[in-house]
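1. quick one, fold the following:
(4 chains)
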Protein chains: 4
Amino acid sequence: MQTAVGLIGLGLMGKPMALNLLRAGFVVTVWNRTRTRADEVLRAGAQWAESPREVAAESDVVVTIVSDPPALEQVLWGERGVLAGLRPGSVLVDSSTVSPALARRAAEACASRGADFLDAPVTGGTWGAEKGELVFMVGGQAEVLQRVESVLAAMGRRWFLLGPHGAGQTVKLAMNAILALQVQALAEALALVAAAGIPAERLLEVLASSMARAPVLDIKGPLMLQRNFAPSFPLRLMHKDLSLALELAGQLGLPLPATAAARETYSAAKGLVRGGDVDYCAVVRFWENAAAAAERPPEPARGA
Amino acid sequence: MQTAVGLIGLGLMGKPMALNLLRAGFVVTVWNRTRTRADEVLRAGAQWAESPREVAAESDVVVTIVSDPPALEQVLWGERGVLAGLRPGSVLVDSSTVSPALARRAAEACASRGADFLDAPVTGGTWGAEKGELVFMVGGQAEVLQRVESVLAAMGRRWFLLGPHGAGQTVKLAMNAILALQVQALAEALALVAAAGIPAERLLEVLASSMARAPVLDIKGPLMLQRNFAPSFPLRLMHKDLSLALELAGQLGLPLPATAAARETYSAAKGLVRGGDVDYCAVVRFWENAAAAAERPPEPARGA
Amino acid sequence: MQTAVGLIGLGLMGKPMALNLLRAGFVVTVWNRTRTRADEVLRAGAQWAESPREVAAESDVVVTIVSDPPALEQVLWGERGVLAGLRPGSVLVDSSTVSPALARRAAEACASRGADFLDAPVTGGTWGAEKGELVFMVGGQAEVLQRVESVLAAMGRRWFLLGPHGAGQTVKLAMNAILALQVQALAEALALVAAAGIPAERLLEVLASSMARAPVLDIKGPLMLQRNFAPSFPLRLMHKDLSLALELAGQLGLPLPATAAARETYSAAKGLVRGGDVDYCAVVRFWENAAAAAERPPEPARGA
Amino acid sequence: MQTAVGLIGLGLMGKPMALNLLRAGFVVTVWNRTRTRADEVLRAGAQWAESPREVAAESDVVVTIVSDPPALEQVLWGERGVLAGLRPGSVLVDSSTVSPALARRAAEACASRGADFLDAPVTGGTWGAEKGELVFMVGGQAEVLQRVESVLAAMGRRWFLLGPHGAGQTVKLAMNAILALQVQALAEALALVAAAGIPAERLLEVLASSMARAPVLDIKGPLMLQRNFAPSFPLRLMHKDLSLALELAGQLGLPLPATAAARETYSAAKGLVRGGDVDYCAVVRFWENAAAAAERPPEPARGA
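-> From the prediction side, this is the model:
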């Protein structure tokens, strides 16, 4: 019998994931806070459920992919939440990025209802979600992972079992800290080169021939120069992930000095865009004022 | 007639560069502060000169590659320095990493002696130097670059003319800031994952499948896990380059928050190794105490 | 009729505050998670209640002073929490340090029960609590503040009405960020002077004659030199407050670069003490390894 | 016989110092790069010399107080510099703030000419210089200090002998790092409070009643709120001193994370004012854009 899959959260990632599940032949039930975002998925054959609880009640495997910890708490523990409908023997796969502690709490809640849990956040961005090329970072038991591999295979190309519940989230936070710092490093380097009067494009040319070359920089570099900040991975989510990484490190008594410095520039960039949804490479805007200042005449001191 | 090339500085980079010049058929005159480091190069056919001045007196093109700004100042302006012997019409190519201001000062000194100057720091590490695969970041005039292309071609595979004198150094400092931050990012992520009880190897596996993958991380990651810090690019030189980048940014009125945070961890790592020459990926040692602390029992407060 | 005051939380701050309320003649009902901590206060005349709810049921004014946001959430919203017993017309004064958002949430919960709320975190440390010299940073309505002034006057010497609900917490977080950075600044300066071979005491002498002199440094400086870290204000709480300040700034899109850098050193110091309760001036331990390294011989590079 | 004192450098500090020397009855010979700045001092009875060398040739004690290390190098080692005129048996007192290494180099140069040297940078600002209330941080020998105490007493009220040559500069750099971080801490706290919608004045009121109170904050706080940045201690000099402190720490292998974070904001503030001379409390301008952003409507993402 065909596995029934529920998918909760139809954002930039969740929508293409749902479409790939449908393409792979799964029966798919969806729910999203804003129903209109479900239109394309419903036209492609998915079923609509009136609440996370009803999604869970219809599904062998429930995949959640929502934007932040409060959203996941609401979807799981809220009135008419997933936990109220979860079938014994089913598996909840959370692909949101949240704290390892929250993942462990969700795992316990599932266990008390006779269900299993995997934390399985993803990397690969919207492009990966659309092409079915996501990579899953999984925390939980190997046997449970095995039971959902066909579901993951519809959405991604690889999965790594990294340890017990929470390990997937831990590695995901570490990975996003790396990505955020790579983009930050490029932004600082571009600002330095530009402030010195050299066209920033030249840096990208050298970078492409260097040991520092990375896919994320190949993609974000030109967008940063063009000031094209259409969101692929939104700045506010990267900011949240950096905050989660620093919170985890703080609990562990571990200093992350560069991640912390970067988070502050992401905070500032978030302030500059004021809620307009932009990609995280918009962190480069942090240096705009410095650049603008370089073109202004000196100013006299006010006062005496 | 064959171009006579002088090469000053036979360190980790200079020695293989000299050997490649010889392989390409150039007449090569060398000088190094410590003469014993020249043995291999002399056996391969190079000539020894008693001072930088004599190297310059023998050469159409003089290449300098020394460890830091004071060393370059000594080699150029010191008694029996390059500038005292430089032939009119010759070209001085400085492949050291120094400040753009020092590059401009060297350019002026050359001009006043009827010679030309290029700042041409390199990227590619010892591996690139050995394979003749260096990339040169060049500041100066296109016409001058053209005159030395055959020399550069013996040592590297690409060169980028990036702007007027100093532009090569500016881009080099920006590139090294990116590399240092990538390694710092990996070190912070490895520390986070390890402190959370997950084998750090697992992070490298995920990294290899991600958008964050970069040649520098492919190489340094395993060395960092093995605690193999044999110097490819020495920590003290990366520390110096980060300091030069921050000094330049400070002059330009530009904040580089993550580079600054990273520089402090490189300072600390430099302190921990106390002058033993290690690779810059030894910055990972900054987190060792945190890791060690995680295995100790809690300590009581002293005092009242 | 005499005001009945409830006090929940008998830690380093709460216990002397309760004693001062008793000295001022109030009827005082107390609750603490660990009952044994109440002994001295009960001997001094306080009444014990079996839960926060019962404290609230007995009191005209309820004062809460617990260690962090989860503790406050438990005390207010938990089963048998304050909100379940709060009398209409009473006032809940929260002197814990929590996020402004949590203060606003508590204010709404009080309002829905016909009670009033003030966020009123304190400064002055255990010394101030014992001497009745605390300063209250208050968010809420002037009229409500007026109704509890006699209660505040028993515990402190000043109160500042800073704005609507949450304003007290905002200013408190800002104040603690200043204190944490002052101690961090002193720790960095002491480390620098000591690493350069100058007795750190000399810096304190100069400091005492300078514009930088501050009461917090007069007190913490000698303790830092003596490595006397008996907790006056625990490191883990300062770490939590820095985290709350950075979280608030992140929400507001505001960079706090030095506060963020300091928080990482507090994280590291927290890791080094591993849960042993120490004063926040133990952040100076972050530099211990650097100091120790300075006394070790250089180490050779491992590897090739 | 009356001690002949030379004073080189008639900036914000040097001018009032010269006037105090004259008031104390010393024969004073002065030199300054820009002669017009000497007018007031000459009217008060000082003698003009045509070069630092001539100042030295006329003086028993030479005091130098110039803006940065290159200026000191020029004044000492330049053509017609102090060292060319220094009398055997005389004392050179350098009250500039420079690196300890440069102080040691100057001491050696004096010794080779039969003269003595003290590094004696000052704290107390222009106010202290005018009132004769400076504090001198001295590196060198006690016996030499004794010989110049009457000269120091004309300009200041205290001096601390902190260790051998360079110790005065080391402590001065540490002191300025503390001052810079205190002002940075206040700036971050003011920005946080203001971004949260609370009048920043309220923070200053609470601060004045707290353990964090410091003379530097009492003075700078109101100026920061009024945006009165008339230079008492110029931002560019504080930026230089932070850079020197970080350079020294880097040499010692010591991380100064908060100082480093602060230096970057001072870099940015320096960029924003573009050479207009402002006080270092203008670092608060770093947060202006964040504040301005908070008043703008959200912006849509450009691009796809």
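2. so for stretch A:257-267, mean pLDDT?
-> For stretch A:257-267, mean pLDDT is 98.
3. direction included, what does the longest strand seen in chain A pair up with?
-> Ranked by number of residues, the top strand in chain A under DSSP state E is strand A:156-163. Here strand A:156-163 is paired, per DSSP bridges, with strand A:134-139 (parallel).
4. ok and the following helix or strand past the longest strand of chain A relative to helix B:167-195, angle-wise?
-> Remark: after strand A:156-163, the chain's next helix or strand is helix A:167-195, criterion DSSP states H and E. Here helix A:167-195 points in a direction 170 degrees away from that of helix B:167-195 (axes from the mean of the first three to the mean of the last three CA atoms, to 10 degrees).
5. is chain B contacted by helix A:167-195?
-> Yes: residues of helix A:167-195 contacting chain B under CB under 8 Å from any CB of the partner chain: A:167, A:170-171, A:173-175, A:177-179, A:181-182, A:184-186, A:188-193, A:195. Where you see a C-beta, it was placed from the backbone N, CA and C, and this is true even at glycine.
6. within reach of chain D, which of those are there?
-> Okay, of the residues of helix A:167-195 next to chain B, nothing touches chain D (CB under 8 Å from any CB).
7. buried ones among these?
-> A:167, A:170-171, A:173-175, A:177-179, A:181-182, A:184-186, A:188-193, A:195 (16 or more other CB atoms under 10 Å in any protein chain shown).
8. what domains does the record give for chain A?
-> With automatic domain parsing as the criterion, the domains of chain A are listed as A:4-164, A:170-293.
9. got the contact list for A:E40?
-> A:15, A:19 (CB atoms under 8 Å, 6 or more residues apart in numbering or on different chains).
10. is the spatially most central residue of chain A in a helix, a strand, or coil?
-> Centroid-nearest residue in chain A: A:T97, 5.7 Å away (criterion: CA atoms, centre = their mean). Classification of A:T97 using DSSP: H, G, I helix; E, B strand; the rest coil returns coil.
11. how much space separates the closest residue to A:G132 other than its chain neighbours from B:S210?
-> For A:G132, ignoring the flanking residues on the chain, the nearest one in space by CB to CB, 6 or more residues apart in numbering or on different chains is A:N20 at 4.7 Å. Relative to B:S210, A:N20 is positioned 19 Å away (CB to CB, to the nearest Å).
12. still on that earlier bit, what about the residue nearest to A:G132, neighbour count?
-> Residues near A:N20, counting by other CB atoms under 10 Å in any protein chain shown, number 21.
13. confirm it sits in a strand?
-> No: going by three-state DSSP, the assignment for A:N20 is helix, not a strand.
14. for it, list the residues it contacts.
-> Applying CB under 8 Å, 6+ apart, the residues contacting A:N20 are A:129, A:132, A:154-155.
15. give the contact list for A:L252.
-> A:L252 neighbours (CB under 8 Å, 6+ apart): B:192, B:195-196, B:294, C:271.
16. between these, which is closest to chain A?
-> When those are compared for distance to chain A (CB to the nearest CB), C:G271 wins out at 2.2 Å.
17. quick check: A:R213 vs A:V206, distance?
-> From A:R213 to A:V206 the distance is 10 Å (CB to CB).
18. check A:D277 too.
-> A:D277 is 32 Å from A:V206, by CB to CB.
19. and the two? Which one has more around it.
-> Neighbour tally, A:D277 and A:V206, criterion other CB under 10 Å: the higher count belongs to A:V206, 25 against 18.
20. please enumerate the helices of chain A.
-> Under the criterion DSSP state H, chain A contains helices at A:14-23, A:39-43, A:52-58, A:69-77, A:82-85, A:100-111, A:125-131, A:142-155, A:167-195, A:200-208, A:215-226, A:235-252, A:257-273, A:288-293.
21. buried residues in stretch A:197-214?
-> So for stretch A:197-214, counting by 16+ other CB under 10 Å, buried means A:198, A:200, A:202-204, A:206-207, A:209-214.
22. contacts for that stretch next, please.
-> A:182, A:186, A:189-190, A:193-194, A:217-218, A:221-222, A:225, B:123-125, B:135, B:137, B:158, B:160, B:162-163, B:167, B:170-171, B:174-175, B:178-179, B:182, B:211-217, B:219.
23. and the longest strand of chain A, what's its mean pLDDT?
-> 97.
24. from C:L246, how far off is the nearest residue to A:Y266 once chain neighbours are set aside?
-> Residue nearest to A:Y266 in three dimensions, not counting chain neighbours: A:H239, with 4.6 Å by CB to CB, 6+ apart. From A:H239 across to C:L246, the span is 12 Å (CB to CB).
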